[in-house]
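A.B. asks: Could you look at this predicted model? Sequence included:
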Amino acid sequence: MQTPRTWTGSPLARIARMVLRAPRVAMVIGQTVHLSGTTRAEFLADAEWVAHEAVHLRQYREHGLLPFLWKYLVESARVGYYHNKYEVEAREEARRVVLADPSHVLRPLPRHATQP
């Protein structure tokens with residue numbers, strides 16, 4: 001996989017971080033991973049996190065920028081963040097990627113990604 005383009009200190013990721021009350025956030029808009037509360041090096045060092053965001057990068061490529069944003073927001077409003085099918089797909093794929101690497105240690109999911 002190609003190293004993703006990142007924007008550290010993104011104002012959009014900062015807003016998401018405040019809304020989610022999370023210590024660190026990565027979120028994809030188009031083909032850029034927006035980061036807040038973390039560095040590019042910390043993000044890239046976490047294979048599971050990178051794999052999760054890689055799924056969102058693919059989702060944007062498949063659906064297009066505005067159509068994906070719309071579908072994602074509608075899905076989140078309909079079923080909530082945790083049950084959003086795009087988030088479920090990203091979490092499942094990220095777990096598959098890291099479970100395939102026997103040297104990787106699974107970390108607990110962030111609080112905002114766990115079922116309430």
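C.D. replies: Looks like it came in fine. Numbers count the residues shown, from 1 in each chain.

A.B. asks: which residues of this structure fall in helices?
C.D. replies: Assigned by DSSP state H, the helices in the chain fall at 11-20, 40-45, 47-63, 65-79, 85-99.

A.B. asks: Flag every buried residue along the last one.
C.D. replies: Across helix 85-99, burial judged by 16 or more other C-beta atoms under 10 Å covers 86, 87, 90, 91, 93, 94, 97, 98. No exception for glycine: its C-beta is placed from N, CA and C like everyone else's.

A.B. asks: could I get the helix or strand bottoming out on mean pLDDT in the chain in CSV with only the CA atoms?
C.D. replies: Here the helix or strand of the chain ranked lowest by mean pLDDT, DSSP states H and E is helix 85-99, holding a mean of 92. The C-alpha coordinates for helix 85-99 follow below in CSV (Å, rounded to 0.1, in the frame of the first residue of the first chain):
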residue,chain,number,x,y,z
LYS,A,85,-21.7,0.4,7.5
TYR,A,86,-18.6,2.3,6.3
GLU,A,87,-17.1,2.3,9.8
VAL,A,88,-18.0,-1.3,10.3
GLU,A,89,-16.2,-2.2,7.0
ALA,A,90,-13.2,-0.2,8.0
ARG,A,91,-12.9,-1.7,11.5
GLU,A,92,-13.3,-5.3,10.2
GLU,A,93,-10.8,-4.8,7.4
ALA,A,94,-8.3,-3.2,9.8
ARG,A,95,-8.6,-6.2,12.2
ARG,A,96,-8.1,-8.6,9.3
VAL,A,97,-5.0,-6.8,8.2
VAL,A,98,-3.4,-6.8,11.6
LEU,A,99,-4.4,-10.4,12.5
